[in-house]
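Colleague: please find the sequence and the predicted model below.
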Amino acid sequence: MAVLPSSSSALELTISMPGFASSSSVRDLDINQVPSIGAEEDWITMNIDDEEESSNGGPPRKKLRLTKEQSRLLEESFRQNHTLNPKQKEALAMQLKLRPRQVEVWFQNRRARSKLKQTEMECEYLKRWFGSLTEQNRRLQREVEELRAMKVGPPTVISPHSCEPLPASTLTMCPRCERVTTTNLEKGPIKTAITTTTTTTMSTKVTTSTLQSRQSPAAC
DNA sequence: TACCTAACTGCTGTTACTTCA
DNA sequence: TCTGAAGTAACAGCAGTTAGG
């Protein structure tokens, strides 16, 4: 047994015992207590003998295998609520003949798994989106080339930045925001392909107003 | 042997409470 | 006596890791 400081913000007295979680101070002392309800043969308890016999190096970690019924109930409960309040946790643990800590850990891991799944899906989606944008960009560039080729003797204008002559319609890269814009002399800069696609196909929380402000010459 | 997942560790944020100027 | 700031403890959740099956 040892007394360890466990928090960076506060000096907590933590009783550290082999086989017991040490991170959360006294509240976790009941974590591995055998529930009052009798142990099931379906799940492996970390029995007290194991804890006591291996004072050097800690007890070998026994791993619970949840039964199908336990998993089903936990999943069902997770569908209803991704987090549990202490009462719900207690009740569920009672129902499943598990320790509250085990239910808590299961929910934590389950949340992590669903988050990982969600992230993977988003990653896939972004990859596909990137692919389609690349394709669209290529198409638009080709289109610009064609339009440029059709133009004969474009009127000359003076660039406000460089004071150099510019063609009437051209792709330009803003040196500050590094965005490519198609400049149309009569109507000013038009939205780039990426912006248009973003507002129509992407379901992220990038709002049109944000995009417009990023696009506007004043903002850049 | 790779994979899945229960269990653990360390950390952060929140809330309630206490102390003190 | 009241009040707001600062400190602290308890707790919950998360990210990352470990290790059993």
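Modeller: Looks like it came in fine.

Colleague: next, count neighbours for A:Val103.
Modeller: Number of residues near A:Val103 (other Cβ atoms under 10 Å) recorded here: 23. Where C-beta positions appear, they are placed from N, C-alpha and C, glycine not excepted.

Colleague: the residue nearest to it when sequence neighbours are not counted: which element?
Modeller: Leaving aside its sequence neighbours, A:Val103 sits nearest to A:Ala93 (Cβ to Cβ, 6 or more residues apart in numbering; 4.6 Å). Taking DSSP states H and E as the definition, one finds A:Ala93 inside helix A:86-96.

Colleague: ok, back up a step: the residue nearest to A:Val103 and A:Lys87, how far apart?
Modeller: For A:Ala93, the distance to A:Lys87 (Cβ to Cβ, to the nearest Å) stands at 11 Å.

Colleague: these two: which is more packed in?
Modeller: Neighbour count, other Cβ under 10 Å: between A:Ala93 and A:Lys87, A:Ala93 has more, with 20 against 8.

Colleague: give the contact list for that one.
Modeller: A:35, A:99-100, A:102-103 (Cβ atoms under 8 Å, 6 or more residues apart in numbering).

Colleague: turn these into TSV, columns for pLDDT, secondary structure and distance to A:Leu73.
Modeller: What follows is those, written out as TSV (pLDDT from 0 to 100; DSSP: H, G, I helix; E, B strand; the rest coil; distance: Cβ to Cβ, whole Å):
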residue	pLDDT	secondary structure	distance to A:Leu73
A:Pro35	35	coil	16
A:Arg99	90	coil	15
A:Pro100	90	helix	15
A:Gln102	92	helix	13
A:Val103	92	helix	10
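
Colleague: from those, list the ones also adjacent to DNA strand B.
Modeller: Counting by Cβ under 7 Å from any atom of the strand, A:Gln102 from the contacts of A:Ala93 sit close to DNA strand B.

Colleague: which one of the contacts of A:Ala93 is nearest A:Asn137?
Modeller: Closest approach between the contacts of A:Ala93 and A:Asn137, by Cβ to Cβ: A:Val103, at 50.2 Å.

Colleague: roughly how far does the closest one sit from A:Arg61?
Modeller: 18 Å.
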